[in-house]
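Sequence and predicted structure, then a few things I'm wondering about:
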Amino acid sequence: MPIYKIRGIDVDFPYEAYDCQIVYMEKVIESLQNKCNALLESPTGTGKTLCLLCATLAWRKSLGEFSRGRSERSNIRGSQSIDEDLPQSQSSEFPKIIYTSRTHSQIKQVIQELKCSNYRPKMVVLGSREQLCIHEQVNLLRGKAQTNACHALCKKRTKRYCAHFSRVTEFVKKNPSIGDDPIDIEDLVNIGRSSGPCPYYLSRELHKDVDILFAPYNYLIDRANRKTLKIDWSNCILIFDEAHNLEGICADAASFDLPASLLTACIAEAKKCIDLSVARRETSSDTSCNPDNFAILRALLLKLEKRIAEVPIESKELGFTKVGPYIYELLSELNINQNTANMLIGTIEKACELLEEDANASDSGGSKKTNGTFFRLQSMGDILSLVFKDNCNAHAQYYRIHIQEVEASGADSFRGKTSRTLSWWCFNPGIAMEEFSKLGVGSIILTSGTLSPMDSFAEELKLKFPIRLENPHVISGNQIWAGVAPVGPSGYSFNSSYRSRGSVEYKLELGNAIVNFARIVPDGLLVFFPSYYLLEQCISCWKTTGQKNSTNSTTIWERICKHKLPVVEPRQSSLFPLAIDDYMTKLKDTCSSGAVFFAVCRGKVSEGLDFADHAGRAVVITGLPFATLTDAKVRLKREYLDLQAQSQRTGNKGLTGEEWYSQQASRAVNQAVGRVIRHRHDYGAIIFCDERFTQANRQSQISLWIQPHVKCYSKFGDVVYTLTHFFRDARTRDPPKPELTRNEDQVSRIIFLRNTVLCMSIMCALIVMLLAFKIA
């Protein structure tokens with residue numbers, strides 16, 4: 001394998017590296033050597049993940065050997081409670097690498113890339129109980145109910161003490177080499193099922209001594225999750241892959257919504273705790289739970305419910321809004337402050353324990369059932385912990401408190417009643433990221449195929465990124481067609497803004513354009529709309545309307561279906577896998593020229609799915625996916641940013657609300673167009689059907705690798721002509737032989753050698769037979 005000397009580091013890369021890959025690895029190593037942050041964009045298909053792994057591990061190896069074959073301690077002691085703090089890793093001689101991505105499926109792909117490299121650091125992947133639990137009852141539960149059931153079974157005093165948990169210590173001692181070779185979630189589960197140890201606590205034990213740790217984002221961003229990690233954060237390397245949604249995830253993790261239904265459920269649970277504690281005192285003289293504490297809790301929750309109901313809301317559309325610190329004024333009226341909050345949180349924890357014990361009371365009778373219940377009071381405890389974190393209120397300046405009237409659910413909805421939701425929204429995602437600076441981490445590397453526009457991304461996270469990169473693609477110019485179609489077949493302008501998109505003329509023009517694209521584009525066609533509402537409105541119109549100024553009774557929808565079989569992205573996420581299967585099945589249908597997937601920007605189709613080769617030969621962007629201006633969260637975010645920008649008039653001016661609003665739409669477009677052209681030998685078209693994409697400022701926010709290829713066409717006929725020639729030329733070109741991956745290459749060589757040996761053996765046998773025949 002080639003060895004590349006990059007900034008004095010020998011990088012073992014499994015293939016001949018492209019120029020853009022060398023540049024990418026150089027930026028990674030520069031960030032690590034200088035202990036500074038990096039913002040790196042590299043299009044899908046450029047080998048970003050493999051470059052990131054090889055460069056990072058090469059730098060780490062230059063500091064000292066990996067920790068292979070070592071499992072120094074076993075900290076899950078039989079006499080300890082699982083909730084006790086365990087010692088942090090003492091293997092802090094070298095910085096630990098923490099590699100995160102958005103989902104477990106993306107982590108799985110990263111580990112596959114690690115297997116393709118020659119680097120074998122000590123590693124482990126962290127997962128949730130949902131992925132890792134093998135207990136036959138607990139693995140059927142979800143969320144906090146599953147966590148509670150697991151905790152109950154891992155306490156030694158429980159009659160049905162979890163046998164899997166108890167086997168972790170001995171297994172780690174006997175298998176010190178576990179993690180020396182790449183292992184995935186499935187591998188951990190298989191180990192648990194074959195050898196007995198709990199996969200969840202096995203990964204938790206192993207993570208203390210690894211060189212590189214793989215985990216989803218929330219293990220770092222969520223403070224409660226982060227505290228469960230036994231890591232020396234000093235000089236750690238944090239990598240956030242697929243980081244294009246990171247600022248939204250950080251803001252959401254620091255925010256909460258308290259609907260009336262949740263508050264009502266909390267009040268009911270507090271009442272139940274009063275009854276349970278009173279009953280215990282009467283029947284068994286158990287004084288461990290004081291009913292007076294639960295009565296105080298219930299009274300406070302009732303007061304909060306009443307106080308929210310009394311807030312004057314003059315406009316249902318605007319709701320009630322105050323600055324973030326107002327939350328303390330509101331709660332102080334209930335005598336909830338920094339001094340009393342911790343006591344209240346303690347009471348809530350005690351209440352949840354009491355409710356859990358009551359839910360599991362049937363276990364003492366020998367029942368095999370494992371109860372795991374999610375208690376609403378736990379959410380109230382989380383809310384108080386967020387508001388009163390670190391025993392200070394400095395973070396409240398980045399928040400807005402909002403109370404909104406919403407339609408009531410259940411029986412109240414039939415009576416015409418409304419309910420209220422109290423929200424405390426964080427508008428500074430940097431709150432989550434600045435905690436890493438306080439922990440003393442070495443470098444934070446954010447990378448994705450679509451980070452552009454980068455300035456707004458960096459501004460949102462409030463971090464300095466001295467190292468930035470917008471990498472080109474590895475494809476040639478004749479593998480991409482990118483163009484703006486400002487008008488349709490009859491010359492009507494494409495503009496999906498609120499003023500234009502409702503007209504029948506716009507919908508018909510767009511439909512007729514898509515009929516043309518369905519005819520021209522081979523195989524798979526992806527069509528992205530700004531919203532589900534517009535998607536549904538257009539399809540409804542196309543199903544009932546024919547071609548404009550034509551006596552032809554065939555509808556636009558029927559004409560689209562003549563060329564491509566349609567699939568529509570569902571609103572319900574549970575139906576999404578069926579839609580994907582349907583699309584892939586229709587692609588293979590020999591009775592049509594492919595399939596068309598009607599989808600939504602920011603939807604599941606636009607996020608991380610691979611439509612390589614025939615699955616995605618073209619993507620059509622029907623408009624700019626601006627968020628709804630009347631949405632309270634969007635409106636308040638814009639107002640917050642405008643105030644921040646005004647306060648920074650001297651020096652570096654911050655991001656304005658309008659700039660944020662515009663760039664969020666552009667980032668969603670970039671994410672959608674990234675579904676096509678997924679590797680070095682792929683080809684495809686990107687079609688922007690909105691006249692606003694002709695504007696220079698709008699094109700400047702498109703991913704840098706696409707910008708040189710974008711052409712604006714004044715006539716739709718020119719779009720059809722050049723697009724037809726592009727696909728005709730692409731089909732007639734002899735496609736280069738795809739490069740094999742390292743694994744595929746090894747397999748091919750093994751098969752070739754095996755067949756060669758087999759043929760030689762057969763020939764030798766035939767020669768021997770012929771000689772024997774002649775002698776006879």
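Alright, I've got the coordinates.

contacting residues for Thr534?
No, residue 534 isn't Thr; it's Leu. Taking CB atoms under 8 Å, 6 or more residues apart in numbering, we find Leu534 in contact with Ser496, Arg501, Thr622, Gly623. Where you see a C-beta, it was placed from the backbone N, CA and C, and this is true even at glycine.

next one: Glu93
Gly64.

before we move on, back to that, Serialize the contacts of Leu534 to a markdown table and add fields for secondary structure, pLDDT and neighbour count.
Formatted as a markdown table, the contacts of Leu534 follow (DSSP: H, G, I helix; E, B strand; the rest coil; pLDDT from 0 to 100; neighbours: other CB atoms under 10 Å):
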| residue | secondary structure | pLDDT | neighbour count |
| --- | --- | --- | --- |
| Ser496 | coil | 93 | 24 |
| Arg501 | coil | 86 | 22 |
| Thr622 | coil | 97 | 25 |
| Gly623 | coil | 95 | 26 |
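
Include distance to Gln707 when you put those residues into JSON lines, please.
Formatted as JSON lines, the contacts of Leu534 follow (distance: CB to CB, whole Å):
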{"residue": "Ser496", "distance to Gln707": "21"}
{"residue": "Arg501", "distance to Gln707": "26"}
{"residue": "Thr622", "distance to Gln707": "20"}
{"residue": "Gly623", "distance to Gln707": "19"}
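
Farthest-apart pair in those, please.
Comparing all pairs in the contacts of Leu534 by CB to CB, the longest separation belongs to Arg501 and Thr622, at 9.0 Å.

In space, what's closest to Ile669 - neighbours in sequence excluded?
Wrong residue type there; residue 669 is Val, not Ile. In this structure, Val669 finds its nearest non-sequential neighbour in Ile621, 5.7 Å apart by CB to CB, 6 or more residues apart in numbering.

which stretches of the stretch 501-650 of the chain form helices?
For the stretch 501-650 of the chain, applying DSSP state H, counting those that start in this stretch gives helices covering 504-520, 532-544, 556-563, 576-587, 632-646.

quick one: secondary structure of Cys352?
helix (DSSP: H, G, I helix; E, B strand; the rest coil).

Name all residues that make contact with it.
So Cys352 contacts Asn148, Phe375, Leu377, Gln378, Gly381 (CB under 8 Å, 6+ apart).

A strand includes the third one, no?
It stands for Leu377. No - going by three-state DSSP, the assignment for Leu377 is helix, not a strand.

Could you count how many residues lie near it?
27 (other CB atoms under 10 Å).

Do I have it right that it meets Cys266?
Yes - at 5.3 Å, Leu377 counts as touching Cys266 under the criterion of CB atoms under 8 Å.

which one of the helices of the stretch 501-650 of the chain is the most hemmed in?
Per residue and on average, the most neighbours among those fall to helix 504-520, with a mean of 21 (mean count of other CB atoms under 10 Å).

can you list the residues that contact that helix?
With CB under 8 Å, 6+ apart, helix 504-520 has contacts from 485, 487-490, 492, 494-496, 500-501, 525, 527, 537-538, 541-542, 545, 547-548, 556-557, 559-560, 563-564, 596, 618, 620, 622, 687, 689, 716, 720, 723-724, 727.

Go again with 7 Å.
485, 488-490, 492, 494, 500, 525, 527, 537-538, 541-542, 545, 547-548, 556, 559-560, 563-564, 596, 618, 620, 622, 687, 689, 716, 720, 723-724, 727 (CB atoms under 7 Å, 6 or more residues apart in numbering).

Can you tell me which of those residues are buried?
Neighbour counting over these (16 or more other CB atoms under 10 Å) leaves 485, 488-489, 492, 494, 500, 525, 527, 538, 541-542, 547-548, 556, 559-560, 563-564, 596, 618, 620, 622, 687, 689, 716, 720, 723, 727 as the buried ones.

still on that earlier bit, tell me which of the contacts of Cys352 has the lowest pLDDT.
Comparing pLDDT over the contacts of Cys352, Asn148 scores lowest. The value there is 79.

can you pull the buried residues of the helix or strand harbouring it?
Assigned by DSSP states H and E, Asn148 belongs to helix 143-153. The neighbour-count check on helix 143-153 (16+ other CB under 10 Å) flags Lys144, Ala145, Gln146, Thr147, Asn148, Ala149, Cys150, His151, Ala152, Leu153 as buried.

Stretch 706-720 now?
Ile706, His709, Val710, Cys712, Tyr713, Phe716, Val719, Val720.

Just the residues you listed: which are in helices?
Phe716, Val719, Val720 (DSSP state H).

Report pLDDT for the first one.
The reference is to Phe716. On pLDDT, Phe716 comes in at 97.

quick one, what contacts it?
Taking CB under 7 Å, 6+ apart as the contact definition, Phe716 lies against Ala485, Val487, Gly488, Pro489, Ala513.

Can you give me the pLDDT of the last one?
Note for Ala513: predicted pLDDT of 97.

Test my guess that Ala341 contacts Phe388.
Yes - here Ala341 reaches Phe388: they are 4.2 Å apart, a contact under CB atoms under 7 Å.

between the two, who's got more neighbours?
Phe388 (22 against 17).

for that one, what are its contacts?
Taking CB under 7 Å, 6+ apart as the test, what Phe388 contacts is Gln338, Ala341.

which stretches of the stretch 1-150 of the chain form helices?
Ranges of helices within the stretch 1-150 of the chain are 19-34, 48-63, 104-116, 129-132, 143-153, based on DSSP H, counting those that start in this stretch.

deepest of those helices, which one?
Most buried among these, given mean count of other CB under 10 Å as the contact rule, is helix 48-63, at a mean of 23.

Contacts for that helix, please.
9-13, 21, 24-25, 28-29, 32, 42, 94, 97, 110, 113-114, 116-117, 119, 121, 211, 237, 239, 241, 447, 449.

Now do it against helix 104-116: the angle between them, please.
60 degrees (axes from the mean of the first three to the mean of the last three CA atoms, to 10 degrees).

Nearest residue to the spatially most central residue of the chain in space, please, no chain neighbours.
By CA atoms, centre = their mean, the chain has its centre lying nearest to Arg102, at 3.1 Å. In space, and not counting its chain neighbours, Arg102 is closest to Glu242: 5.0 Å by CB to CB, 6+ apart.

Show the backbone phi and psi for that neighbour.
As for Glu242, its main-chain torsions (degrees, to the nearest 10) stand at phi 50, psi 50.

count of neighbours near it?
Glu242, neighbours per other CB under 10 Å, totals 24.

thinking it is in contact with Gln106, fair?
Yes - counting by CB under 7 Å, Glu242 touches Gln106, with 5.7 Å between them.

quick revisit: who wins for proximity to Val125 among the helices of the stretch 501-650 of the chain?
Per CB to CB, nearest to Val125 of these: helix 576-587, 23.0 Å.

list the helices and strands the closest one packs on?
The helices and strands touching helix 576-587, judged by 3 or more CB pairs under 7 Å, 6 or more residues apart in numbering; DSSP states H and E, are strand 565-568, strand 594-600.

The last one pairs with which strands?
Pairing partners of strand 594-600, with direction, according to DSSP bridges: strand 523-529 (parallel), strand 565-568 (parallel).

could you check the angle helix 532-544 makes with the first one?
Inter-element angle recorded for strand 523-529 and helix 532-544: 120 degrees (by the same axes, to 10 degrees).

Centre of the chain to strand 523-529, how far?
22 Å (CA atoms, centre = their mean, to the nearest Å).

between it and helix 504-520, how many degrees?
Using the same axes, to 10 degrees: strand 523-529 against helix 504-520 is 160 degrees.

For strand 523-529, give the mean pLDDT please.
For strand 523-529, the per-residue pLDDT averages 96.

With only the CA atoms kept, save it in CSV.
Output of strand 523-529 as CSV, limited to C-alpha atoms (Å, rounded to 0.1, in the frame of the first residue of the first chain):
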residue,chain,number,x,y,z
ASP,A,523,-33.1,5.3,-14.8
GLY,A,524,-33.6,7.1,-11.4
LEU,A,525,-34.9,10.7,-11.1
LEU,A,526,-35.1,12.6,-7.8
VAL,A,527,-37.4,15.6,-7.5
PHE,A,528,-37.1,17.7,-4.4
PHE,A,529,-39.8,20.2,-3.2
